[in-house]
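>>> pasting the sequence and the predicted model now:
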Amino acid sequence: MSDDEKFMDALATDLIFRLPQTFETVEEERRHRKERLTAALRLFGKFGFEEGVAGHITARDPEHTDHFWVNPFGMSFKHIKVSDLILVNHEGKVVQGRYPVNEAAFAIHSQIHQARPDVVAAAHSHSTYGRAISALGQ
């Protein structure tokens, strides 16, 4: 065995791989996804990846896999709480939550979640830098 092979073998035995978290119940997994979704939205807000009512992040529901959780229409990313998230079905109807859905969020994200059943979450933002680059028309 060459020195490089020995080094790679030693390195591989020292690596720690974090496996995805497992849950006892679907309710625990749902809560976990909603908490992470809320954290992602707040981070997007903190770092300037929101523009008025534009932009959204979704997370597939672990039980009803043709439904997804999304930030409500017109609410600042910076202020979203887990209880503000809405659950939208495959037809774009809010089935849980008290706010309306952003129709653009549904149009974009429903297609992503439908086409890629392995995808748990998707994000779409209108950052200052993205808008500036897109304005160049190149």
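Here it is on my side, so go on.
>>> for this protein, which spans come out with low pLDDT?
Per-residue confidence of the chain (counting by pLDDT under 70) places the weak regions at 10-14, 52-53.
>>> helices of that one, start to end?
When secondary structure is read from DSSP state H, the chain shows helices at 3-14, 26-46, 103-115, 128-134.
>>> which of those helices sits closest to F73?
helix 103-115 (7.7 Å; CB to CB). (Glycine included, C-beta is placed from N, CA and C.)
>>> ok, and what's touching that closest one?
54, 56, 58, 60, 66, 68, 70-71, 73, 88, 90, 92, 119, 122, 124 (CB atoms under 8 Å, 6 or more residues apart in numbering).
>>> how does it look with 10 Å?
For helix 103-115, contacts defined as CB atoms under 10 Å, 6 or more residues apart in numbering pick out 53-61, 65-68, 70-73, 86, 88-94, 101-102, 119-124.
>>> tell me the centre residue of this structure?
A centroid search over the chain (CA atoms, centre = their mean) returns A121, at 3.7 Å, as the residue closest to the centre.
>>> that residue and F68 touch, don't they?
Yes: under the contact definition of CB atoms under 10 Å, A121 touches F68, with a separation of 8.5 Å.
>>> distance of N102 relative to L136?
Separation of N102 from L136 (CB to CB, to the nearest Å) stands at 26 Å.
>>> quick one: which of those two has more around it?
Using other CB atoms under 10 Å, the more surrounded residue of N102 and L136 is N102, with 23 against 6.
>>> which residues touch the closest residue in space to that one that isn't next to it in sequence?
Spatial nearest neighbour of N102, chain neighbours left out: F73 (4.1 Å); criterion: CB to CB, 6 or more residues apart in numbering. F73 makes contact with V53, H56, I86, V94, Y99, P100, V101, N102, E103, A104, A105, F106, according to CB under 10 Å, 6+ apart.
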